[in-house]
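Novice: Model the following, please.
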Amino acid sequence: MTKTRDLARVRLIEEPQSGHQPGGPVTTRQEAEITLPRRELDRLWSPEYLERLARTYWRWLGKISLGLLRVVYAPDSRRVVFLTPPFTLLRFHAPEYETAADCGVVTWRIDRGLLVAPPGRGEGFLRIKVTRRPGASEDEAIAHVSSEVSNFYPAIGGWGWFSRIGSFLYRVTQLRIHVIITNGFLRSLARLDLVPSRVGQLRTELKRPA
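Specialist: Numbering: from 1, shown residues only. Modelled structure (predicted):
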């Protein structure tokens, strides 16, 4: 099988940012700089491709988990399930998109799920942000991409007297896995293979930014 040629260079930003107090919410962010030909970024720089970037993230989750994790789409939600819908690990509200001439943001607000502690239901969000920056030459450009989870209350972290133990368990299991998956997703963007969205909302609702 022929390996897909990388069309861009990806540099992960060192020192992934994260914070978690026992019994409190989690914030973690991974970032990368993607250097690519300016003509390629011009081709991709549209609201439709922001939606495709979001879809590519969910595809990567299924791929890296060997199909054990699936994303179930509904008009008002996105659910990450383990094999079948009854085992909903995370339920998000429908994505919210923001676009500007040099920036695009997609946010999924957390609703509930098996991985969410009761105090955290309806709190927090997952957000992917891409910002356009000048490259080192006229022929190159940089897309700065970040993936952030903010104000997330992990069920494994627990609360009350168990929170200190739970905080340690979260750091060495769920947080570590999340960082590995996210960094893998950021590296995969070197192929610029952004799959079509299942919804296609931004194909018709938004025009290409100037």
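Novice: For Arg78, report the pLDDT, please.
Specialist: Here the pLDDT value assigned to Arg78 is 94.
Novice: Counting neighbours, what do you get for it?
Specialist: 20 (other C-beta atoms under 10 Å). In short, each C-beta sits where N, CA and C put it, glycine included.
Novice: Would you verify that it is located in a strand?
Specialist: Yes: counting by DSSP: H, G, I helix; E, B strand; the rest coil, Arg78 is part of a strand.
Novice: That one is in contact with Val71, isn't it?
Specialist: Yes: counting by C-beta atoms under 8 Å, Arg78 does reach Val71; the two are 6.0 Å apart.
Novice: okay, and the common contacts of the two?
Specialist: Contact criterion C-beta atoms under 8 Å, 6 or more residues apart in numbering; residues shared by Arg78 and Val71: Trp58.
Novice: Quick check: longest helix in the chain by residues?
Specialist: helix 47-64 (DSSP state H).
Novice: pretty sure Val195 contacts Leu53?
Specialist: No: using C-beta under 8 Å, Val195 makes no contact with Leu53, being 9.4 Å away.
Novice: More neighbours: which of the two?
Specialist: Relative neighbour count places Leu53 above the other of Val195 and Leu53, with 21 against 12, counting by other C-beta under 10 Å.
Novice: residues touching Leu41, list them.
Specialist: Leu41 neighbours (C-beta under 8 Å, 6+ apart): 132, 141, 143.
Novice: which residues touch the last one?
Specialist: Spelled out, it's Ala143. 33-34, 36, 41, 130-133.
Novice: which residues pair with it across the strands?
Specialist: For Ala143, the beta-bridge partners are Ile34, Arg132 (DSSP bridges).
Novice: From Tyr153, how far off is it?
Specialist: Using C-beta to C-beta, to the nearest Å, Ala143 is found at 31 Å from Tyr153.
Novice: Stretch 84-101: end-to-end distance?
Specialist: Length of stretch 84-101, first residue to last, C-alpha to C-alpha, to the nearest Å: 40 Å.
Novice: Understood, closing this out.
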